[in-house]
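# Show me the folded form of this:
(one chain, ligands or ions: 1)
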Amino acid sequence: MAKVYITTAIPYMNGAPHIGHAMDYCLADVCARYHKMIGDEVRFSAGTDEHGNKIEQKARELGVPVKQYVDENVEKFKEFINKLGVEYTDFVRTTDADHERRVQEIWKKLSPYIYKAKYAGWYCTGCERYVTEKEYEENDGVCPDHQKPYEKFEEENYYLKISEFKDEIRAAIESDELLILPEFRKKEMLALLEESPDVSISRPKSQLDWGVPVPGDENQVMYVWMDALANYITVLGYPENDISEWWPATAEFVGKDILRFHSIIWPAMLIGLKLPFPKALVSHGMVLSNGQKMSKSIGNVVGPMEVIEKHGLEAFRYYFLRHIDTFDDSDFTWEKFENAYNNELANDLGNLVQRLATMIHKNNIEIKIEDRELAAEYLELMNNFEFSKAFDYVWERIQNINRKIDEEKPWMLAKSGEVEKLSLCLNGLANELLFANKMLLPFLPETATKIADVFGGEVTPPEQPLFPKN
Ligand code: MSP
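Numbering: from 1, shown residues only. Below is the predicted model of the structure:
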């Protein structure tokens, strides 16, 4: 039994959750449930990122005290994470007193690698990121992700000496000691690492009040990413606790847009703290809405609750875990969602369960459950975090059972009274379904439990179809 620690990116508390935020949680939850299924002990952390300019500005715009504003958003996110059925074990808010104190301890430990210097350059508040002169020129002074002009900063800041750590980080990425997935992002990150200057890790208090104070300098506040990245270890009680039981993390789930922070600043912090790197950084693509980035100004933001309310949580998980590619950008449209629900969940699976259970029940067939090892192909995909592919594999098995029913025509065997053959046929089909169902569990836990119950003892068809059509 291994100990598995899984982390999710902590979202900014500058608004309500949208469907894109579901990705980290859904993927991490599948990973956690898979590991529990194969007998591992799992710790799973989630949290909220509550400091920085972006949040402070938003609260100011709304005329609400910042703390009150983040408190309200934290509630919305917690409700959302719970609605997703995510089995997290730990939750950290970056405004928690324990987190703030621990981040200050971390800063002190990193002090041999921190120096003070004048910064003159560009910043994007949307990304909460310092931008190089080269990027500024390439983008004509406007952030392509936020469509906002970069802001000019001229101030005195503290810097983290990324330059001292580059060789070690590069070697770890190249050797997969720090595994970056998908593979094609690894090259991107290595290129960014080469270009990366030392990173500014503080702001003058006069410019940013809403943050963790820099220890020993009352005029400076920590850069929000420094504070946020530390959450993965402060939640375990670092530095006062020995975290070696859980750290290094087995996998950290992040969106592709924030992989750069996890591939450069985070490893640098860990080297400075003499802690190992996480074993894997799993970066997912973006959820698009009707082919476009979700944006309030375009008006195509889809709220997760709406989607869950439409056909329930299992349908939500089905769409986001199978039709949203684990590693690439994928589209959500209501039409695609409806089609997936009706043609796949209701037809392929719901009807299959109903049909098969009805035939077994009507003909009074006893099902002897065979215990089978999980398929090697499935294990390989799951161990490599290829979740949407693993889900495809399971679904193909489900579709094959439907095909087999049509070929073997058990209703003909029933009609001609060939009881033995009928029993053999239905036992084969039921066992095939239970085998696929075992592998379905991390993706659709509620459905898989219901199916196991239907075929587990005396078989009785469910009173309600598993996925009723509208
Ligand atoms: N606060 C930082 C993360 C700090 S982690 C130490 C942040 N917050 S965020 O709210 O902008 O994003 C949180 C997570 O949601 C990130 O993994 C991000 O990639 C993901 N997503 C935000 N919008 C998304 C989509 N439209 N689609 C998929 N994931 C998206 O970044």
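
# Within range of the ligand, give me the residues from the stretch 151-300 of the chain.
Counting by Cβ under 6 Å from any ligand atom, the positions of the stretch 151-300 of the chain adjacent to the ligand are 228-229, 231, 254-255, 257-258, 286-287, 294. For every residue, glycine as well, the C-beta is placed using N, CA and C.

# For the residue in the chain positioned nearest to the ligand, give the beta-bridge partners.
The ligand sits closest to Gly255 of the chain, with a gap of 1.6 Å, by Cβ to the nearest ligand atom. Counting by DSSP bridges, Gly255 is bridged to His284.

# quick one: contacts for it?
9, 20, 23-24, 283-286 (Cβ atoms under 8 Å, 6 or more residues apart in numbering).

# of all those, which comes closest to Ser206?
Ala9 (29.5 Å; Cβ to Cβ).

# Isn't Ala120 up against Glu154?
Yes - counting by Cβ atoms under 8 Å, Glu154 is a contact partner of Ala120 at 4.6 Å.

# Quick check, pLDDT for the closest residue to Lys293 other than its chain neighbours.
For Lys293, ignoring the flanking residues on the chain, the nearest one in space by Cβ to Cβ, 6 or more residues apart in numbering is Met286 at 6.8 Å. pLDDT for Met286: 95.

# need the helices for the stretch 301-450 of the chain, in chain order.
With DSSP state H, counting those that start in this stretch as the criterion, the stretch 301-450 of the chain has helices at 304-311, 313-318, 334-339, 352-362, 376-383, 387-408, 410-415, 419-440, 445-456.

# in the fourth one, what counts as buried?
Of the residues in helix 352-362, those with enough neighbours to count as buried (16 or more other Cβ atoms under 10 Å) are 352-357, 359-360.

# Tell me how far that helix lies from the chain's centre.
Relative to its parent chain, helix 352-362 has a centroid offset of 36 Å by Cα atoms, centre = their mean, to the nearest Å.

# what's the answer for the fifth one, then?
Using Cα atoms, centre = their mean, we find the averaged C-alpha position of helix 376-383 to lie 19 Å away from the chain's own average C-alpha position.

# and for it, what are the contacting residues?
So helix 376-383 is contacted by 34, 387, 389-390, 393-394, 439, 442 (Cβ under 8 Å, 6+ apart).

# export those to CSV and tack on neighbour count?
Output for the contacts of helix 376-383, formatted as CSV (neighbours: other Cβ atoms under 10 Å):
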residue, neighbour count
Tyr34, 24
Phe387, 25
Lys389, 18
Ala390, 27
Tyr393, 18
Val394, 24
Met439, 25
Pro442, 25
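
# and the stretch 1-150 of the chain, which residues reach the ligand?
Checking the stretch 1-150 of the chain against the ligand by Cβ under 6 Å from any ligand atom, the hits are 9-12, 20-21, 23-24, 49.

# Can you lay out those as a markdown table showing secondary structure and pLDDT?
What follows is these, written out as a markdown table (DSSP: H, G, I helix; E, B strand; the rest coil; pLDDT from 0 to 100):
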| residue | secondary structure | pLDDT |
| --- | --- | --- |
| Ala9 | coil | 98 |
| Ile10 | coil | 98 |
| Pro11 | coil | 96 |
| Tyr12 | strand | 95 |
| Gly20 | helix | 93 |
| His21 | helix | 95 |
| Met23 | helix | 96 |
| Asp24 | helix | 97 |
| Asp49 | strand | 98 |
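
# top of these by neighbour count?
Neighbour tally across these (other Cβ atoms under 10 Å): the maximum, 28 neighbours, falls on Ala9.

# which residues sit in contact with the closest residue to it other than its chain neighbours?
What sits nearest to Ala9 in space, not counting adjacent residues and going by Cβ to Cβ, 6+ apart, is Val254, at 4.6 Å. Val254 makes contact with 9, 24, 262, 281-284 under the criterion Cβ under 8 Å, 6+ apart.
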